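Engineer: The sequence isn't on hand, but the structure is:
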């Protein structure tokens, strides 16, 4: 069974996993260059191997741990704090609807027990 990260193209627009990671890699490279750091210097400062940094910038592959270590050196950790945060509601109606959904989900889980 293929998933959205497999070699099959999952393209709705530019907002797909491959495009997102490529854009992140490009931003990391741009920030690195802006700070006048070589790949080797970034590797030394971050504790991430030179090969991992090179692979990330060329093939867009990296572990989350290594990406976070690079983000620390590039002063870009605040962006990670925003990932998977709680939804910001625009109105009281949004809150009511979300509360009802949560209650329905909990009820169905309790019914199975």
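Structural biologist: Everything's here; your move. All values derive from a computational prediction rather than experimental measurement.
Engineer: what are the ranges of the helices in the chain?
Structural biologist: Ranges of helices within the chain are 17-34, 39-46, 50-59, 64-73, 78-81, 92-112, based on DSSP state H.
Engineer: need those helices in TSV with mean neighbour count and mean pLDDT, can you?
Structural biologist: Any C-beta I mention is one placed from the backbone N, CA and C, and that applies to glycine too. Below are those laid out as TSV (neighbours: other CB atoms under 10 Å; pLDDT from 0 to 100):
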stretch	mean neighbour count	mean pLDDT
helix 17-34	15	94
helix 39-46	17	98
helix 50-59	15	98
helix 64-73	16	97
helix 78-81	10	86
helix 92-112	10	68
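Engineer: Pull the contacting residues for the closest residue in space to residue 47 that isn't next to it in sequence.
Structural biologist: Leaving aside its sequence neighbours, residue 47 sits nearest to residue 69 (CB to CB, 6 or more residues apart in numbering; 5.6 Å). Going by CB atoms under 8 Å, 6 or more residues apart in numbering, residue 69 touches 46-48.
Engineer: Looking at the residues you listed, which is nearest residue 56?
Structural biologist: Each of those was scored against residue 56 by CB to CB, and residue 48 proved nearest at 8.4 Å.
Engineer: do you know how far the closest one is from residue 22?
Structural biologist: In this view, residue 48 and residue 22 are 19 Å apart by CB to CB, to the nearest Å.
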